[in-house]
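Novice: Fold the following.
(one chain, ligands or ions: 1)
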Amino acid sequence: MLLHTIKEVREQVKEWKKEGLTVGLVPTMGALHNGHLSLIKKAVEKCDKVVVSVFVNPIQFCPGEDLDKYPRTLEADTKLCNDAGVSIVFAPSPSEMYGQSEMRTNDFLTYVIPPFFYVNKLCGKSRVGHFDGVCTVVNKLFNIVQPDFAFFGQKDAQQLIIIKKMVKDLNIPVDIVPCPIVREESGLALSSRNKYLSEEDKKEALVLSKILNNIKDCYKKGITDVEALKETAFQFLTDKHELEYLELLDCEDLEEKKIADNNTRVFIACKVGGVRLIDNILLGE
Ligand code: AMP
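Specialist: Numbering: from 1, shown residues only. You can find the predicted model right below:
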């Protein structure tokens, strides 16, 4: 069932809750691929009813980012969700979500602001305000759907950590279910933004997973010094790759590591053919 209004979703969820059914939420920006589908499948397995939100959230895009050209494929997304056993696809318009105050510059919206320590690194450094937009919309979706479980991918590991922190700090009654990264056979992590890549770019984009896997191999062979591990990346980088960050941080609280251990996650962001890609790997897995 495709719904566009908050009211309709609320009414349907209320009926389910009356019947004692459990509700799962999978927040997405649409252009669904097998990565999203893995979250959806997990949700369908675990919950009686599943809501997938499809919303390209304007307030999490920074000026100059790809808000206007972000792929929008609602018809195909809805079909995919229906086939997977999803009960509601919730696809609100920006004005349904934010009224007239959706643009940050209006300064008329109540925001959920995650802690500086968690956002002043990795993607938050270049995407200023991004995680304010993410936490605000996810909090709104939690209030609208009131899910028992919400499913998020490790692909966006910083986002997942920040959302867990928000849920804990604000006592939001929802269980966050982390889901592993889905990759192409080549190693490229699936992403809606891969649609922007040419065939040539896609080959070059393998640099992210190659760097991560190599760091993990080196760690398994006994190298634990973080600077030494980071240096192993340079052999893979050419002028086709614009490295934004490569960091080794604690997988729970994003503390910086000097010596890597099993709880260290390696995070990378790199532009290929002008497309900004992110990926990560846990050393202890
Ligand atoms: P997005 O539509 O990009 O906002 O992503 C919606 C959800 O799908 C987020 O929780 C992402 O982390 C998750 N996701 C996106 N790509 C992947 C992937 N390749 N593997 C696992 N989860 C993913």
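Novice: could you pull out the helices for the stretch 151-285 of the chain?
Specialist: For the stretch 151-285 of the chain, the helices defined by DSSP state H, counting those that start in this stretch occupy 157-169, 199-204, 206-220, 226-231.
Novice: does the longest one come close to the ligand?
Specialist: No. Taking C-beta under 6 Å from any ligand atom as the criterion, helix 206-220 and the ligand are apart, separated by no less than 11.3 Å. Placement of C-beta: from N, CA and C, glycine included.
Novice: Over to stretch 47-59?
Specialist: No. Judged by C-beta under 6 Å from any ligand atom, stretch 47-59 makes no contact with the ligand; its nearest approach is 8.3 Å.
Novice: Tell me how far that stretch lies from the chain's centre.
Specialist: Between the centre of stretch 47-59 and the centre of its chain there are 12 Å (C-alpha atoms, centre = their mean, to the nearest Å).
Novice: With stretch 148-160 instead?
Specialist: For stretch 148-160, the gap between its own C-alpha mean and the chain's C-alpha mean amounts to 6 Å (C-alpha atoms, centre = their mean).
Novice: before we move on, the earlier item: need the helices of the stretch 151-285 of the chain in CSV with mean neighbour count and mean pLDDT, can you?
Specialist: Listed next are these as CSV, based on neighbours: other C-beta atoms under 10 Å; pLDDT from 0 to 100:
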stretch, mean neighbour count, mean pLDDT
helix 157-169, 20, 98
helix 199-204, 14, 97
helix 206-220, 19, 98
helix 226-231, 16, 98
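Novice: any chance of the ones you listed in a markdown table, plus distance to residue 72?
Specialist: Shown next, in a markdown table, are those (distance: least, C-beta to C-beta, whole Å):
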| stretch | distance to residue 72 |
| --- | --- |
| helix 157-169 | 21 |
| helix 199-204 | 21 |
| helix 206-220 | 25 |
| helix 226-231 | 37 |
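Novice: Many thanks, I have nothing further to ask.
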